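Participant: just a sequence and a predicted model for now, questions to come.
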Amino acid sequence: MRTENSAIASNSIAVTTPVASPSSGVPTRKTLGGTLQAALGVAAFSLTFPATAWGLEGFGPWSLVAVRCVLAALIAGCCLIALRVPLPARRHWAGLAVVAAGVVVGFPLFSTLALQTSTTAHAAVVVGLLPLTTALFSALRIGTRPSRTFWTAALVGAAAVAAFTVQQSGGALSTADLYLFGALLVCAAGYTEGGRLARVMPGWQVIGWALVLCLPLSVPAAAVALSYEPVHLNGHGVTGLLWVAAGSQFIGLVVWYRGMAAIGIPKASQLQLAQPLLTLVWSVLLLGEHLTVAAPLTAAAVLVCIAVTQRARG
């Protein structure tokens, strides 16, 4: 575990690509590995909205959010105890609180409330705008300065995804949209702070401690919510709950933060431009929602933007 800490700490979260000597491909392998881990995180996150929609078939919105936090925290806590991970330094607790407020509580709560009245296609707009918002938070919080090419590609990709998802939902603003924009802001803050902390501790410990930090609130919240909201246990409800707790809330964030630590917050965040399109595919396969012919055109534009942001130097 100490070896992993040392390796993570030496990686700077920056927009610039690590300089490699021609004879040594180690930095390149690290960059590719970080990109792969961030991409796996995006794949896990792409199932979050469909899984949440399933979860709402068996649980109320407040129960679903609280119980998923408790289950994810138990998984994380068991891992931390089994590996005898020491408590984080006191200077890191404020950052962990930001991660907890944004990623553990804020985004799940706001997005779940939105999905009571919104389709997953409409909700995907928040994910389409998340990479740009995360890059902005990173520039303000950490001082990263992406290149003009990077920003241009990021803006074009975000615009393409936003236009596609808004067109799919009709473009009407509603209470669900307010929840989604709230989720966008708190999640970007949590991603940025988590990416910063992942420079000095393994990414899985960042989300692990953030989840454990929420236990004093999530346990009583789950008890109260379950006592007020009816529960209808069924296959979809249980499967959705288990995925958002284990897959989205823990495993996905573990590989996501590790990826951000390796390739930088702005570049990792641009991989999320593909997330709304993946979510739409899952929505068709799992929820039976309709997918228009605009999807492959948007997918091509997004892939081009991702390629440009990954090659752009700060």
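Facilitator: Thanks, I have the structure now. Numbering: from 1, shown residues only.

Participant: give me the residue at the spatial middle of this structure.
Facilitator: Nearest residue to the geometric centre of the chain (C-alpha atoms, centre = their mean): F45, 5.8 Å.

Participant: please identify the helix or strand for that residue.
Facilitator: helix 26-46 (DSSP states H and E).

Participant: likewise for P266?
Facilitator: Taking DSSP H and E as the criterion, P266 maps to helix 265-270.

Participant: following that helix, which helix or strand shows up next?
Facilitator: Elements were assigned by DSSP H and E; along the chain past helix 265-270, the next helix or strand is helix 275-282.

Participant: buried residues, the helix or strand following that following helix. List them.
Facilitator: As assigned by DSSP H and E, the chain's next helix or strand after helix 275-282 is helix 294-311. Residues of helix 294-311 classed as buried under the neighbour-count rule (16 or more other C-beta atoms under 10 Å) are A295, T298, A299, A301, V302, C305, I306, V308, T309, Q310. All C-beta spots, glycine's among them, are computed from the backbone N, C-alpha and C.

Participant: skipping adjacent residues, who's closest to F137 in space?
Facilitator: Take F137 and drop its neighbours on the chain: the residue closest to it by C-beta to C-beta, 6 or more residues apart in numbering is T192, 4.1 Å away.

Participant: helix or strand with the lowest mean pLDDT in this protein?
Facilitator: helix 2-9 (a mean of 39; mean pLDDT, DSSP states H and E).

Participant: how about the buried residues of helix 294-311 in CSV, adding distance to L74 and pLDDT?
Facilitator: Converted to CSV, the buried residues of helix 294-311 look like this (distance: C-beta to C-beta, whole Å; pLDDT from 0 to 100):
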residue, distance to L74, pLDDT
A295, 38, 76
T298, 39, 81
A299, 37, 77
A301, 41, 81
V302, 36, 81
C305, 38, 82
I306, 35, 77
V308, 41, 81
T309, 37, 75
Q310, 36, 68
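
Participant: which of those residues lies closest to T133?
Facilitator: T309 (14.6 Å; C-beta to C-beta).

Participant: OK, contacts around the closest one?
Facilitator: T309 sits next to F150, A153, A154, G157, P266, K267, Q270 when contact means C-beta atoms under 8 Å, 6 or more residues apart in numbering.

Participant: which one of these is nearest to V254?
Facilitator: V254 lies nearest to K267 out of the contacts of T309, by C-beta to C-beta, at 18.7 Å.

Participant: if anything else comes up later, I'll come back, but that's it for now.
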